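Visitor: Please find the sequence and the predicted model below.
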Amino acid sequence: MKVFAFHLMPYGALDMSYAEEHNSVWLKLPNSYFDPKIGHELYNRYLDELELAAEVGFDGISVNEHHQNAYGLMPSPVVMAAALARNTEKCKIAILGNAFALREHPLTLAEEHAMIDNITGGRLITGMVRGVGCEYFSMGVNPAYSLERHIEAHDLVVRAWTETGPFAFEGKHYHFEYVNMWPRPYQDPHPPIWCPSQGSTETIEWAAHPDRKYVYLQAYSAFESVLRYLNMYRSVAEQNYGYTASSGQIAWSVPVYCAETDEQAMEEVRPHIESLFNTFLPKISQSMFVPPGYMTASSMKKIFAHKATLRGGQKVEDLMQRGVIVVGSPDTVRDTLIERHRQAGFEHVLIMPQFGTLPADLTEKNLRLLGAEVVPALQALDENHYAGFELSAAAAE
Amino acid sequence: MADCTESKIDIRGTGMYLRRGGSGEPMLFLHGASGVAGWIPTFQALSETHDLMVPDHPTYGLSDEPEWLDGMEDLAMFYLDFLDQMNLEGVHLVGNSLGGWLAMEIAVRNCTRLKSLTLVGAAGIRIAGKPIADIFMMDPDDLVREIFVDQSYADNILNMELTEEQLDIQIRNRVATARLGWQPRLFNPNLRKWLHRITVPTHVIWGDTDKIVDPAYAAEFGKIIAGSEVTMIEKAGHLPHIEQSEPFVEAVSGFLQSKAA
Amino acid sequence: MKAFMFHLMPYASLDMSERDKHPSAWITLPNSLYDPKIGHELYNRYLDELELAAEVGFDGVAVNEHHQNAYGLMPSPVVMASSLARRTEKCKLAILGNAFALREHPLTLAEEHAMIDCITAGRLITGFVRGIGAEFYSLAANPTLSHERHMEAHDLVVRAWTETGPFAFEGKHYHFEYVNLWPRPYQDPHPPIWCPSLGSTETIEWAAHPDRKYVYAQNYSPFTNVCKFLDQYREVAASQYGYDASSDQIGWTAPVYIADTDEQAVEEATEHMEALFNKFLYLPFEQLFPPGYMSMQSYKRVAAHKRNITGGAKMETLMENGVVLVGSPETVRKKLIECHQVLGFGTFVALLHFGTLPADKTERNIRLFAEEVLPAIQPLSDNEYRGFEPAQAAAE
């Protein structure tokens, strides 16, 4: 298994009295709540943390894109990936993801990914996402075309990465007379593409298609849902496309906190993990996260059902019990993750070692304990440790 | 010898330069990217049977450069205003190249004042894999050569000494064309799905050696526009009305007579 | 004076015999001529060179944006500035520039600049450019709207950087319901804005406006043109806007090559400098000036000189016209001091790598400039400037 450290880079210094006047840390929370002096400290601290993860043995480090919010201060994960490019040597750098179709010109992102891939000698992983619903308000993009633009942007980018230019791209949403990418990506044919998702059927079916076989990454959810969606990917591969998905196509992202003992871990992590779920995370109860047309009606209903329990008022005990997070001593964390792998067989795990307001010292301890006590055991796991997939069992779920 | 009057008329506050000559049923000729090169023999011939109007589009030639013009849709609406204001009925609309595109944009919006539509080397749609030649990237001298089969036409143009005013118009026309058609290049992705709204007899005329808009487009328009007829003009490039004046006028008149009968 | 090292990051390994089969090194030059293995080496070498410049005492390092070409491999200078952000400590990072208005959503760049400004605690300089003509082909942006979109994108970005969000931006080309930039930039009110240009009157008048007073940087041009345009900036400030432009508002960019002696410098640089001008930079007229990119007046002026910009630049001419500075440390130092006396520029941006110049010569060039020239030019101020004489500028 490959173990990644994923950072959201939240504005952990947020003045929590914001809640008296604002109902979300997204979109409309005035940016006067952001203090650039503190932002400077946080950005550098967070980059240090990712560089530390690379140093203590993680296989990769990962960043993503969100606009106009305090949940994740990376409107451009490209900036972060580029900052990490020459400060790391071997680890993969995963942008999970970039919202190509939020742009009128997805090739600008394709160029940037190609540049980073060149600089790092092929260490880039590209995540293609549609962006959370809120992004369609902040970027002024029509959510009703989100899915078809996403697919067309993908086709444009992959063609630009792989075909000799210049060629004309004659799409519905994108039309360019001269596509001719300088530089081309370093990796041949192009950086691996991952599809981080909250479990939309369209994404799973699209990612699993034999032309693509992209890595499907389930974002943090109750483990029951994780298992369901990861198995859905395997089922779709089997039933719709007639092939057996490899565990290399399966990834899971999860907040993890490790301390000396279970009790201490629980005690230390409580306010910070609760801040992630109760303050920073998008709340799908709010219409700005589900703009019209962003997903099909059936997907929307399904997601509501599975995420209903993730609304405000989360307690660390519940989150642990439902497997949304993994918290405990190194033994507990290791055993839990090994067991999860046995059940779901993901070849990639994205550990979020920092979340919400978790301070620098605890994050560093978390990373060092994980690096020393957990990561090596996970790296040793392979298909042999996976219980295996049974179509009938998955279908019954 | 120009048997036409030239004047600047006012259409809802925009000055439009108009050449008009002859009598008969009204015919409106919409020019292409390079504008109007005067009252050419073809116009003279057509004006013998028609009340022929050849305007400079707003921002082109000697017409005004209005603030409101942001795209082809605006230009189409402007010409509908023009038809209303002039109270023209039963108009034979002819458009070459970019003017052909414009003619279709007008016709899909409202055909009530039209009697027929003639498209000559028209832009406006895209056949995948068959782009219209990039008239912006080409060297202007090369472009002139590509437009004609008979290079003596190109030689005449290239050897012409331009006045300062003509030079200005040439630059203005080029900019105006880019304004309307830079992106996507000389077509409207939504036009194709509304071409069924053209309810007047339509004639598609193409130079058989058109190197700017491939003759494949003639067939395509012939296919999409219900009941349309296609005429290929031999030994003609992108401007058959200039290069093959007589066959062109014959084709136009023949079609209109057949429809009138 | 502040001295910057500027890098274009060309694809120096370009197969020139293949290059010569195409009209230029832009837009349609097939990217099969780009080898990513070599690109990997070049990118890292070039970044090393900029980091070296920071280390040896340059006040700043600079990168810029060009798409689909072998002349400069930075479709995104943001990537390069980000990469340099935590590998330099004190020097300014200048993005000269980014073409905000080539995007339908200029705020994505504004966000990126704000991020870099935050990471570097305010070391970012933002260059606002329209992009050269070729970019309008590769990015499919309409050149006839370039100027007004450029202005509007600037207004949008500066408002986003300075006003508390969310607010609605209701422009002609850009319309956003919720502008609310997270993060805001580190510098208050925002990163300094520079206007690199080849000398358009519109840009000079706009940059010199008292609401802006942006740094105007003249890109490589014959020295008489540099004088003309930089003096025009001072002239516009004085006569149109009634204030004296400070030398801090004036910058000059030029390729520089230094070796031990004048002869050696010329001999070593010639091939690479001519490659810059004739192989990489050269663009057919229609690609350089698409319709509507410039005002009618500017267009006609440039078109009149069309035959003069068809490549075939020679080192002697480039030197003679003062487009490039090449020579011994003594020669380059004296030349820069003399130019400063005439022009009083507060910023000099040196292109110390150009065309096909190899790594060893680039490194020596950087080191010689740092050791032999920097100490002499950094102390220069308005005291050494002969001062601006409006009448003389008008006569020129």
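Guide: All right, it came through fine.
Visitor: Can you say which helix or strand has A:Val78 in it?
Guide: Per DSSP states H and E: A:Val78 is located in helix A:77-85.
Visitor: Is that helix positioned near chain C?
Guide: Yes. For helix A:77-85, a contact with chain C is found by Cβ under 8 Å from any Cβ of the partner chain, at A:Val78, A:Val79, A:Met80, A:Ala81, A:Ala82, A:Ala83, A:Ala85. Every C-beta, even on glycine, is put in place using the N, C-alpha and C of the backbone.
Visitor: Give me the number of neighbouring residues for the fifth one.
Guide: By that I understand A:Ala82. A:Ala82 has 27 neighbours, counted by other Cβ atoms under 10 Å in any protein chain shown.
Visitor: which non-adjacent residue is nearest it?
Guide: C:Ser82 (3.6 Å; Cβ to Cβ, 6 or more residues apart in numbering or on different chains).
Visitor: Does the one you found belong to a helix, a strand or coil?
Guide: helix (DSSP: H, G, I helix; E, B strand; the rest coil).
Visitor: middle-most residue in chain A, spatially?
Guide: A:Leu96 (4.7 Å; Cα atoms, centre = their mean).
Visitor: Tell me which residues touch that residue, please.
Guide: Neighbouring residues of A:Leu96 by Cβ atoms under 8 Å, 6 or more residues apart in numbering or on different chains: A:6, A:62-64, A:77, A:125, A:127, A:129, A:194, A:196, A:217, A:253, A:350.
Visitor: rewinding a little: residues in contact with the helix holding A:Val78: which ones?
Guide: Contacts for helix A:77-85 (Cβ under 8 Å, 6+ apart): A:9, A:47, A:50-51, A:54, A:61, A:63-65, A:74, A:93, A:95-98, A:109, A:112-113, A:115-116, A:119-120, A:123-124, C:76, C:78-80, C:82-83, C:85-86, C:112, C:115-116, C:119.
Visitor: now do 7 Å
Guide: A:47, A:50-51, A:61, A:63-65, A:74, A:93, A:95, A:98, A:112, A:116, A:119-120, C:78-79, C:82-83, C:85-86, C:112, C:115-116, C:119 (Cβ atoms under 7 Å, 6 or more residues apart in numbering or on different chains).
Visitor: One more: stretch C:132-148?
Guide: A:105, A:176-178, B:137, B:175, B:178-179, B:182-183, C:26-27, C:67-69, C:99, C:101-102, C:130, C:173, C:202, C:283, C:287-293.
Visitor: redo that, cut-off 6 Å
Guide: The contact list for stretch C:132-148 (Cβ atoms under 6 Å, 6 or more residues apart in numbering or on different chains) reads A:176, A:178, B:175, B:178-179, B:182-183, C:26-27, C:67-68, C:102, C:130, C:283, C:287-290, C:292-293.
Visitor: now do stretch A:35-42
Guide: So stretch A:35-42 is contacted by A:Ala13, C:Cys118, C:Ala121, C:Pro183, C:Arg184, C:Tyr186 (Cβ under 6 Å, 6+ apart).
Visitor: dump the residue contacts of the fourth one.
Guide: Same thing as C:Pro183. A:Phe34, A:Gly39, A:Leu73, C:Ala114, C:Cys118.
Visitor: Can you lay out those residues as CSV showing distance to B:Glu65, pLDDT and secondary structure?
Guide: What follows is the contacts of C:Pro183, written out as CSV (distance: Cβ to Cβ, whole Å; pLDDT from 0 to 100; DSSP: H, G, I helix; E, B strand; the rest coil):
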residue, distance to B:Glu65, pLDDT, secondary structure
A:Phe34, 45, 98, coil
A:Gly39, 47, 98, helix
A:Leu73, 46, 97, coil
C:Ala114, 38, 98, helix
C:Cys118, 44, 98, helix
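Visitor: could those residues be laid out in TSV, adding neighbour count?
Guide: Below are the contacts of C:Pro183 laid out as TSV (neighbours: other Cβ atoms under 10 Å in any protein chain shown):
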residue	neighbour count
A:Phe34	23
A:Gly39	25
A:Leu73	24
C:Ala114	33
C:Cys118	28
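Visitor: so the nearest residue to C:Ile258 once chain neighbours are set aside is in which element?
Guide: Excluding its sequence neighbours, the residue lying closest to C:Ile258 (Cβ to Cβ, 6+ apart) is C:Leu368, at 4.3 Å. Element membership of C:Leu368, judged by DSSP H and E, is helix C:359-368.
Visitor: Could you point out the helix or strand that follows that helix?
Guide: Assigned by DSSP H and E, the successor of helix C:359-368 is helix C:374-377.
Visitor: Extract the C-alpha trace of that next one and format it as CSV.
Guide: C-alpha atoms of helix C:374-377 as CSV (Å, rounded to 0.1, in the frame of the first residue of the first chain):
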residue,chain,number,x,y,z
LEU,C,374,25.9,44.8,-8.6
PRO,C,375,28.1,46.7,-6.1
ALA,C,376,28.4,49.6,-8.5
ILE,C,377,24.8,49.9,-9.5
